[in-house]
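[1] no FASTA, just this:
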């Protein structure tokens, strides 16, 4: 049994398929265009492959900031983590920061649609990029802030040293 020959040409108006030896559609007279092989799944490359990974249920709603990356490469890594879970994302330069000579420098906001926000936070929490569990409201961390505690401790030590110096100067002058 012979295989059915593929019909790689198609009419752009009526979509009738033709073999390579035809030039015009016999139905409507339009010039034929190359349409590729019939019933062949072409491998996806680049942006097509990424688009196939996106889960349509995570594409609804306005864009919301899920995290801010320190620079472009870190933001792209976060985007790839989200894409592996089917969550689409986009990057935006953080407000008030511009380094024209170093285009990849500076913080980037990672934005996701509202419908994918909870999944994105969970993925980033599991990968230790953010320290917020899903139950925490946006912008509120349930873990104690170590940088803030260290800053407060340093400030208290500085004030204590300043008070001791003032007391020492008063004692010397008397």
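    Done, it's in. What you see is a predicted model; the values in this text were computed from it and never measured.

[2] and the protein, what are its domains?
    1-42, 47-126 (automatic domain parsing).

[3] export these to JSON lines and tack on mean pLDDT and mean neighbour count?
    Where you see a C-beta, it was placed from the backbone N, CA and C, and this is true even at glycine. As requested, the domains of the chain are exported to JSON lines (pLDDT from 0 to 100; neighbours: other Cβ atoms under 10 Å):
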{"stretch": "domain 1-42", "mean pLDDT": "76", "mean neighbour count": "12"}
{"stretch": "domain 47-126", "mean pLDDT": "86", "mean neighbour count": "16"}
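
[4] tabulate those domains (CSV), appending distance to residue 160.
    CSV is the format used below for the domains of the chain (distance: least, Cβ to Cβ, whole Å):
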stretch, distance to residue 160
domain 1-42, 71
domain 47-126, 33
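
[5] so residue 24 sits against residue 16, correct?
    No - if you go by Cβ atoms under 8 Å, residue 24 and residue 16 don't touch, sitting 11.1 Å apart.

[6] quickly find the element holding the nearest residue to residue 53 once chain neighbours are set aside.
    Once flanking residues are discounted, residue 53 sits nearest to residue 83: 5.5 Å by Cβ to Cβ, 6 or more residues apart in numbering. Element membership for residue 83 (DSSP states H and E) is helix 72-84.

[7] helices and strands around that helix, which ones?
    helix 47-53, strand 63-69, strand 90-93, strand 108-113, helix 117-126 (3 or more Cβ pairs under 8 Å, 6 or more residues apart in numbering; DSSP states H and E).
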